[in-house]
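Trainee: Take this sequence and fold it.
(one chain, ligands or ions: 1)
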Amino acid sequence: MTNTRVAVVGGGIGGLCLAQGLHGAGIDVTVHERDRTPADRLQGYRVHIDPDGSRALRDCLPPELWEAFLATSSRDAQDFRFLSHRMRPLLTLESPPVTDPVDAHHSVSRITLRQILLSGLEDPSGVVRFGKTFESYTRDPGDPGGPVTLRFADGTTETADIVVAADGGNSRVRRQYLPHARRVDTGIVTIAGKFPLTGATRPLVDPGLYEAVNMVVPPRGLGMFVAPHDLTGDGNTGNTPLPPGIGRTEQEGALFDNTGGYVMWAFGAATGRFPDDLATMDGERLRDTVARMTEGWHPDLRTLVTASDPGTVSLLPIRTSVPIGPWPATNITLLGDAIHSMTPMRGVGANVALRDARSLHRALTGALTGGGDPVAAIAAYEAEMRGYGFAAVRASLKAAHQFVDENPVTRAGMRTFLRAAGRVSALRRRAAS
Ligand SMILES: Cc1cc2nc3c(=O)[nH]c(=O)nc-3n(C[C@H](O)[C@H](O)[C@H](O)COP(=O)(O)OP(=O)(O)OC[C@H]3O[C@@H](n4cnc5c(N)ncnc54)[C@H](O)[C@@H]3O)c2cc1C
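Mentor: This next block holds a predicted model:
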């Protein structure tokens, strides 16, 4: 069909989704991934998939893997509540009933999602090559649209006609290709952990903490996000037969358990509010730090923290990319965090990466199978991606600053606004019933 070779650098959420789509369309694609273990601690937490992400997975995955995704994700049909730190309700946004799973929100274990995205791309297809840490690329200066040679840390090289940087926020491809694109520290730090959801632990906290997604808004300077990942038993909500390789992880410890339910909490504040030695703390000391900083909060919120296994508690400094203007399209392009990494405060980074994967899959497949110009297809993809991608970066940064707003006046205004909006929607509900 086409002899064009596509090389994807980075086998994370976006890179693997793109590879699934291209491989399914019969295009010669390889993924070069630094490693294969969930060594990145973030892999341990759930990821919220919104309708953009769902649409991309449905379109790029073969049907049996889309079914496996549905079977192993918990349907995120919960309400979204804003609460005071004493758990007084401020506003509840009810989630409308959705019948088509493509239009739904889902909560999935990152490990399980990775298993699904890798399925069929390992041997014998050999699409994904592990242990390939990209270092730099070269191309003939006299032929700027010509083949690109990738060089890896193990001394090997690979030549491709199109290169896609999907190597995450610290992208080395981006540093070489768009050296003016920066990623900066926001001055905000979060500490996250997992409160296990079992028959024994459910009675310890108010059911609203595992039946809804909750945003806690204290008077100033602090914030806490609480989201359930409610799976029963084996992590397969529908007991659907799953393709080989998808299921319980062999990793030890509660952080990497991808089958049990839990409530993920993320507590945040400006860096200056935390002790100076925060970066050197282990899970237990991080957990104690959050417990100290939440003294006076509702006991159920504190129980989420204090009853979490310290092995699941980690430190997450919050960084963001800085949006840049358009650049001329070539046969090198980027997707996901590699070009528009954002704060996690709106929970959309993976969904935007998946949306990129779907758009780029459609653009490249259309050009490569229809005899079109792939660079023109990349130009169209990039023009659209810069619009929604950098808009998400800006909105996520704004949400991060609101999450830890130090100004007591604006924080009080926000709480009053949420409370008033909550009363209006309660009145509307009462009038409608
Ligand atoms: C605490 C937290 C919670 C979040 N929650 C959500 C959420 O609920 N919903 C949501 O949509 N988003 C969420 N996000 C954001 C989301 O995790 C990212 O936006 C998403 O993972 C980006 O996908 P990606 O494919 O671009 O990059 P990644 O998934 O980071 O993948 C990059 C891949 O490239 C590989 N790599 C890196 N360097 C090299 C190299 N030199 N050579 C070869 N391979 C390399 C890495 O090993 C990795 O596999 C959250 C983020 C954080 C920090």
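Trainee: Start and end of stretch 319-330, how far apart?
Mentor: Stretch 319-330 has an end-to-end distance of 28 Å (criterion: Cα to Cα, to the nearest Å).
Trainee: tell me which residues of it are tucked away?
Mentor: Going by neighbour count (16 or more other Cβ atoms under 10 Å), the buried part of stretch 319-330 is 319-321, 323, 329-330. Just so you know, the C-beta spots here come from the backbone N, C-alpha and C atoms, and that holds for glycine as well.
Trainee: can you map out the strands along the stretch 51-200 of the chain?
Mentor: Secondary structure of the stretch 51-200 of the chain (DSSP state E, counting those that start in this stretch): strands at 74-75, 80-83, 89-93, 106-109, 128-129, 134-139, 148-152, 157-160, 162-165, 183-196.
Trainee: again, but for the stretch 201-350 of the chain
Mentor: Counting by DSSP E, counting those that start in this stretch, the stretch 201-350 of the chain has these strands, from start to end: 213-216, 222-229, 262-270, 314-321, 332-334.
Trainee: picking that back up, could the strands of the stretch 51-200 of the chain go into TSV alongside mean neighbour count, distance to the ligand and mean pLDDT?
Mentor: As requested, these are arranged in TSV below (neighbours: other Cβ atoms under 10 Å; distance: least, Cβ to the nearest ligand atom, whole Å; pLDDT from 0 to 100):
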stretch	mean neighbour count	distance to the ligand	mean pLDDT
strand 74-75	17	13	70
strand 80-83	21	13	92
strand 89-93	18	17	90
strand 106-109	24	8	86
strand 128-129	20	10	94
strand 134-139	17	4	97
strand 148-152	18	7	98
strand 157-160	17	11	97
strand 162-165	28	9	98
strand 183-196	20	6	95
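Trainee: Dump the ones you listed to TSV, plus distance to Leu117.
Mentor: Listed next are the strands of the stretch 51-200 of the chain as TSV, based on distance: least, Cβ to Cβ, whole Å:
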stretch	distance to Leu117
strand 74-75	18
strand 80-83	27
strand 89-93	30
strand 106-109	11
strand 128-129	10
strand 134-139	19
strand 148-152	21
strand 157-160	20
strand 162-165	15
strand 183-196	22
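Trainee: low-confidence ranges in the chain?
Mentor: For the chain, applying pLDDT under 70 flags the ranges 1-2, 36-44, 75-77, 231-241, 247-256, 425-433.
Trainee: Spatially central residue for the protein, please.
Mentor: Nearest to the geometric centre of the chain sits Ala350, at 3.5 Å (Cα atoms, centre = their mean).
Trainee: Surely it is in contact with Gly53?
Mentor: Yes. Between Ala350 and Gly53 there is a contact under Cβ atoms under 8 Å: 6.4 Å.
Trainee: ok, back up a step: so which of the strands of the stretch 201-350 of the chain is the most surrounded?
Mentor: Ranked by mean neighbour count, the strands of the stretch 201-350 of the chain are led by strand 332-334 with a mean of 27 (mean count of other Cβ atoms under 10 Å).
Trainee: what pairs with that one, and is each one parallel or antiparallel?
Mentor: strand 162-165 (parallel) (DSSP bridges).
Trainee: what's next to the partner strand, contact-wise?
Mentor: By Cβ atoms under 8 Å, 6 or more residues apart in numbering, the residues outside strand 162-165 that reach it are 4-10, 15, 18, 137, 148, 150, 171, 173-174, 177, 331-335, 338-339, 360, 364, 374, 378.
Trainee: Cross these against helices and list the overlap.
Mentor: Counting by DSSP state H, the contacts of strand 162-165 place 15, 18, 173-174, 177, 338-339, 360, 364, 374, 378 in helices.
Trainee: Let me know whether my guess that Ala412 is in a helix holds.
Mentor: Yes. Counting by DSSP: H, G, I helix; E, B strand; the rest coil, Ala412 is located in a helix.
Trainee: List the contacts of it.
Mentor: Pro219.
Trainee: And it, how far from the ligand?
Mentor: 28 Å (Cβ to the nearest ligand atom, to the nearest Å).
Trainee: before we move on, the earlier item: can I get the ones in helices among the contacts of strand 162-165 in JSON lines including neighbour count?
Mentor: JSON lines is the format used below for the ones in helices among the contacts of strand 162-165 (neighbours: other Cβ atoms under 10 Å):
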{"residue": "Gly15", "neighbour count": "29"}
{"residue": "Leu18", "neighbour count": "30"}
{"residue": "Val173", "neighbour count": "24"}
{"residue": "Arg174", "neighbour count": "24"}
{"residue": "Tyr177", "neighbour count": "20"}
{"residue": "Ala338", "neighbour count": "31"}
{"residue": "Ile339", "neighbour count": "30"}
{"residue": "Leu360", "neighbour count": "28"}
{"residue": "Leu364", "neighbour count": "27"}
{"residue": "Pro374", "neighbour count": "21"}
{"residue": "Ile378", "neighbour count": "23"}
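Trainee: from those residues, which are also near the ligand?
Mentor: 15, 338 (Cβ under 6 Å from any ligand atom).
Trainee: how about the ones in helices among the contacts of strand 162-165 in CSV, adding distance to Arg415?
Mentor: Shown next, in CSV, are these (distance: Cβ to Cβ, whole Å):
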residue, distance to Arg415
Gly15, 41
Leu18, 42
Val173, 43
Arg174, 39
Tyr177, 44
Ala338, 37
Ile339, 36
Leu360, 42
Leu364, 47
Pro374, 51
Ile378, 46
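Trainee: what's near enough to touch the residue nearest to the centre of the chain?
Mentor: 13-14, 47, 49, 53, 336.
Trainee: For whichever residue of the chain sits closest to the ligand, grab the count of nearby residues.
Mentor: Ranked by Cβ to the nearest ligand atom, the top residue of the chain for proximity to the ligand is Gly12, at 1.7 Å. Neighbourhood size, Gly12 [other Cβ atoms under 10 Å]: 25.
Trainee: swap in Glu67?
Mentor: Glu67 is flanked by 18 other residues according to other Cβ under 10 Å.
Trainee: From Leu57, how far out is it?
Mentor: Taking Cβ to Cβ, to the nearest Å as the measure, Glu67 falls 11 Å from Leu57.
Trainee: Residues of the stretch 151-300 of the chain that sit close to the ligand?
Mentor: So the stretch 151-300 of the chain meets the ligand at 166-168, 172, 192 (Cβ under 6 Å from any ligand atom).
Trainee: From those residues, list the buried ones, please.
Mentor: 166-168, 172, 192.
Trainee: Let me have the residues you listed in a markdown table, extended by distance to Thr186.
Mentor: A markdown table is the format used below for those (distance: Cβ to Cβ, whole Å):
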| residue | distance to Thr186 |
| --- | --- |
| Ala166 | 23 |
| Asp167 | 21 |
| Gly168 | 17 |
| Arg172 | 22 |
| Ala192 | 16 |
